[in-house]
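S.K.: Fold the following and give me the result.
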Amino acid sequence: MFDIRLAHERGAAHHGWLKSRHSFSFADYWDPKQVGFSDLLVINEDTVAPSKGFGTHSHRNMEIISYVLEGSLQHKDSMGTGSVIVPGDIQLMSAGRGVAHSEYNHSAQEEVHFLQIWVVPNEANTEQSYQQLHISPEDKRGKLHLMISPKGGDKTLTIKQDINIYSGLFDGDERAEFNIPEGRYVYLHIAKGHLEINGQTFNAGDAARIREGGTLSFRNGEQAEVLIFDMRPEELPTML
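M.R.: You can find the predicted model right below:
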């Protein structure tokens, strides 16, 4: 049922100020077997040194998500948005017809550890937009919270694609189940800790593609944080 990819199998990049692991082909890392899944194009796990970061650069026609695991990330963009993103926050920037932005470690003392996620949108050259919200640990503790969807909603951001993204925190006896909708693909990513899924142990950085329906059972977590991507049944992203 699971097509598993272990954390150490990901691509790696080390630039002194930046340590990055690539779930899919990105920049100088190329693997023809890892060029995205459904509409999911990028998951980069980045650790950035104090006061360092990504200078101003541009994107078009991409839904760009930042999910901070530790530390704080400072965001600025050409739409006039400026914010600091901390653990529990979820940021979604719709690049649309074009936007420039920068992302820096807000701290001068500690590293920032975060996931950068790219989703290919279902429409090109749309109006640019920025969204950010905070999801408390209580909203994710022992359950799966819908944090991004096409329709948005309460404590849920709106994305320009047929994708639902959930996050959950599991520790000790906490457990939950996720019923995969019929005819959908799912991608799992373990962001932190250790977690048992359908009787199999996953560690931080491990991931799995799931192309069949059924139920996912989450239990026996150890300070675990998991992301679930519920997506269209397409093997690879279609760039606009």
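
S.K.: Pull out the buried positions in the top strand by length along the chain.
M.R.: Ranked by residue count and defined by DSSP state E, the top strand of the chain is strand 214-231. Going by neighbour count (16 or more other C-beta atoms under 10 Å), the buried part of strand 214-231 is 216, 218-221, 224-231. Where C-beta positions appear, they are placed from N, C-alpha and C, glycine not excepted.

S.K.: Tell me the one among those nearest to Arg184.
M.R.: Arg184 lies nearest to Asp230 out of the buried residues of strand 214-231, by C-beta to C-beta, at 5.6 Å.

S.K.: can you count the residues close to the nearest residue to the closest one once chain neighbours are set aside?
M.R.: The shortest distance from Asp230 to any non-neighbouring residue, by C-beta to C-beta, 6 or more residues apart in numbering, is to Asn164 (4.2 Å). Here the number of neighbours of Asn164 (other C-beta atoms under 10 Å) works out to 20.

S.K.: Any figure for the gap between Asn164 and His14?
M.R.: 33 Å (C-beta to C-beta, to the nearest Å).

S.K.: mind checking how far Glu70 is from Arg184?
M.R.: Relative to Arg184, Glu70 is positioned 31 Å away (criterion: C-beta to C-beta).

S.K.: no, scratch that, I was asking about Thr156
M.R.: 18 Å.

S.K.: Could you work out the end-to-end span of stretch 138-153 for me?
M.R.: Separation of the first and last residues of stretch 138-153 by C-alpha to C-alpha, to the nearest Å is 18 Å.

S.K.: begin at 42 from here
M.R.: Got it, the first residue is 42 from now on, which makes the last one we talked about stretch 179-194.

S.K.: For it, buried residues please.
M.R.: 180-181, 183-190.

S.K.: So which of those is the closest to Glu151?
M.R.: Among the buried residues of stretch 179-194, and counting by C-beta to C-beta, the member closest to Glu151 is Lys181, at 23.0 Å.
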